[in-house]
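# Here is my input, please return the structure:
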Amino acid sequence: MGKIVGAFAGSHSPGVTGWPERAEPHKREAIEKAFAEARRRIDALAPDAIVGVSVEHFTNFNFGNLPAFAISTADSHLGPVTPEMAEFINVEQHQYPSNGALGRHIYEFALTQEFDPALVEGGMAFDENFCVPFKHFDPESKYPLVPIIVNGVNPPWPTAKRSYDFGVMIRRAIEAQDEVQRVIVVGTGGLSHWVGLPESGTVNEEFDRDFLARIESGDPEQLRSYSPQEIDAAGNGAHEIRTWIAAAGAIGAPFEVLAYEPVPEWLTGTAVAASTPGFED
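Residues are numbered from 1 along each chain as shown. Below is the predicted model:
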């Protein structure tokens, strides 16, 4: 039986890798140190695969086709999507290995659990959603990355409850197969930020700290009870926290916040968190 052995979450602002020097030195150091600790734990857990949960910035989808959830069953994914984006976010363009069979299993299992995600068989192109955090989490792309998308970019969004329950479904799907033994789930996005609006560059530190306290509590209801209006207070980009909520549902345990810094220069409240029950140094 497969098992989720850990969960991690991190912001994916392009500034984290594209212009890290613009942040105050102590903030940059704190975030990079947290990513390094997360990477150390990932390597120590020795996963057979990583299920990555993020949003999609109209790289593969569009307003005419924007699923609430989508799962890829391809064996590799190109990222960043263009050489220009690769230069912008300072991530070398390459193929990210995946595990298409695991993706298909999760997709088919979801259908038995009353979820109807979109099926993506041709592979996804990545933007900052996976490329930025995974430059830190897995810089050599040595772990197969199965990408799952949760709509956090344009309403109507899946509810926070639905996002958490989707994460629970991922956990059950992993446990319902025995081909892949050790799996890590990673959520990327958030925290507070505004995209394409006059408030861009603003960070709602109060919202961020409250959200991180909920993640640390391990109490599902504190995460499942968010309303879209509550999240709106932290910006249209804050709706990406659904990916963290899904990761919390997948692990079903409290997170440890490894770092949080409000970084207007990166346009984002930036954080890294880990949930590694039973982890041993």
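# all helices for the stretch 101-250 of the chain, in order.
For the stretch 101-250 of the chain, the helices defined by DSSP state H, counting those that start in this stretch cover 128-137, 160-175, 205-217, 220-224, 228-232, 241-251.
# Of the ones you listed, which stretch is the most buried?
Mean neighbour count (mean count of other CB atoms under 10 Å) peaks for helix 241-251 among the helices of the stretch 101-250 of the chain, with a mean of 30. From N, CA and C alone the C-beta is placed, and that goes for glycine too.
# Let's test this: mean pLDDT of it, rounded?
Here helix 241-251 scores 98 as its mean pLDDT.
# same question, stretch 36-45
98.
# Check stretch 193-206 too.
On average, stretch 193-206 scores 93.
# Buried residues, it. List them.
Judged by neighbour count using 16 or more other CB atoms under 10 Å, the buried positions of stretch 193-206 are 193, 194, 195, 202, 203, 204.
# Can you give me every residue that contacts the second one?
It refers to residue 194. Residue 194 sits next to 200, 201, 202, 235, 236, 237, 267 when contact means CB atoms under 8 Å, 6 or more residues apart in numbering.
# re earlier: need the buried residues of stretch 193-206 in a markdown table (columns: distance to residue 116).
Shown next, in a markdown table, are these (distance: CB to CB, whole Å):
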| residue | distance to residue 116 |
| --- | --- |
| 193 | 30 |
| 194 | 31 |
| 195 | 27 |
| 202 | 36 |
| 203 | 35 |
| 204 | 33 |
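# which residues touch residue 12?
Here residue 12 is in contact with 54, 128, 129, 130, 132, 133, 188, 189 (criterion: CB under 8 Å, 6+ apart).
# For those residues, give me a markdown table that also has pLDDT.
Listed next are the contacts of residue 12 as a markdown table, based on pLDDT from 0 to 100:
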| residue | pLDDT |
| --- | --- |
| 54 | 98 |
| 128 | 96 |
| 129 | 97 |
| 130 | 98 |
| 132 | 98 |
| 133 | 98 |
| 188 | 98 |
| 189 | 97 |
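# distance of residue 50 from residue 64?
Going from residue 50 to residue 64 by CB to CB, to the nearest Å gives 30 Å.
# ah, wrong one, I meant residue 34
38 Å.
# These two - which one has more neighbours?
Remark: of residue 34 and residue 64, residue 34 carries more neighbours, 22 against 5, as counted by other CB atoms under 10 Å.
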